[in-house]
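>>> this is a predicted model, with the sequence first.
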Amino acid sequence: MKILMVCLGNICRSPMAEGILRAKSTHLGIEVDSAGTSSYHYGENPDVRAVHTLRKKGINISNLIARQFTTADFDAFDIIFTMDKSNYDNVIALARSNQDKQKVRMLVNELHPGSNGEVPDPYFGGDQGFEDVYNLIDEATDKFLMRLQNEVQ
Ligand code: 4NP
């Protein structure tokens, strides 16, 4: 299974989500990548605050490189998790078919089904925002994997 994490810049939330889910799921044969709906930070490594937050948890995302989401990602991935409603709308707007659209989900709905809750953008805030992003993504990815493993059984 291949999973893509999507946010706006691909330097804060989605590379954190990529690193967090990868750390929990490589042994399950799950592949994880991330992308941004914008090209603002194309080619850049993750924000140092994102890198530091995950380094404290034993996860290294310092070598990831930002890229922009493209329609080819609908073909390459089974599930596309967006961090907020704006990312969701931007990805859905690029969908070519209902099959594409069915791959797109809000990540926080894994934790709080049907809530359409968001992973708040931490870019313009302080370090606590990155810690909050970590905790939310950690819980949401735990729930996702729990549900996935129950489906397989
Ligand atoms: P991200 O955070 O979408 O979680 O990577 C942001 C990074 C950059 C900007 C906005 C959000 N920006 O406006 O440059």
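Here it is on my side, so go on. Numbers count the residues shown, from 1 in each chain.

>>> near the ligand, anything from the worst-scoring helix or strand of the chain on mean pLDDT?
Across the helices and strands of the chain, mean pLDDT, DSSP states H and E gives its lowest value to helix 127-152, namely a mean of 95. No. Counting by Cβ under 6 Å from any ligand atom, the ligand has no neighbours in helix 127-152; the shortest distance is 7.8 Å. C-beta here means a position set from N, CA and C on the backbone, and glycine is covered the same way.

>>> who does that helix touch, helix- and strand-wise?
Under the contact criterion of 3 or more Cβ pairs under 8 Å, 6 or more residues apart in numbering; DSSP states H and E, helix 127-152 touches helix 13-25, helix 48-55, helix 108-111.

>>> in the helix or strand following the second one, what counts as buried?
So the one you mean is helix 48-55. Scanning forward in sequence from helix 48-55 by DSSP states H and E, the next helix or strand is helix 72-76. Residues of helix 72-76 classed as buried: 73-74 (neighbour count, 16 or more other Cβ atoms under 10 Å).

>>> ok, residues contacting helix 72-76?
Residues from elsewhere that reach helix 72-76, judged by Cβ atoms under 8 Å, 6 or more residues apart in numbering: 2, 4, 35, 80, 94-96, 99-100, 103.

>>> now do stretch 109-121
Residues contacting stretch 109-121 (Cβ under 8 Å, 6+ apart): 7-8, 12-13, 17, 81, 83-85, 106-108, 129, 132-133, 136-137, 139-141, 143-144, 147.

>>> number of residues surrounding the closest residue to Tyr123 other than its chain neighbours?
The shortest distance from Tyr123 to any non-neighbouring residue, by Cβ to Cβ, 6 or more residues apart in numbering, is to Cys12 (5.4 Å). For Cys12, the neighbour count with other Cβ atoms under 10 Å is 26.

>>> Ala50 is in contact with Cys12, correct?
Yes. With contact defined as Cβ atoms under 8 Å, Cys12 counts as touching Ala50 (5.0 Å).

>>> overlap in contacts of the two?
Here Cys12 and Ala50 share the contacting residues 122, 130, 133, scored by Cβ under 8 Å, 6+ apart.
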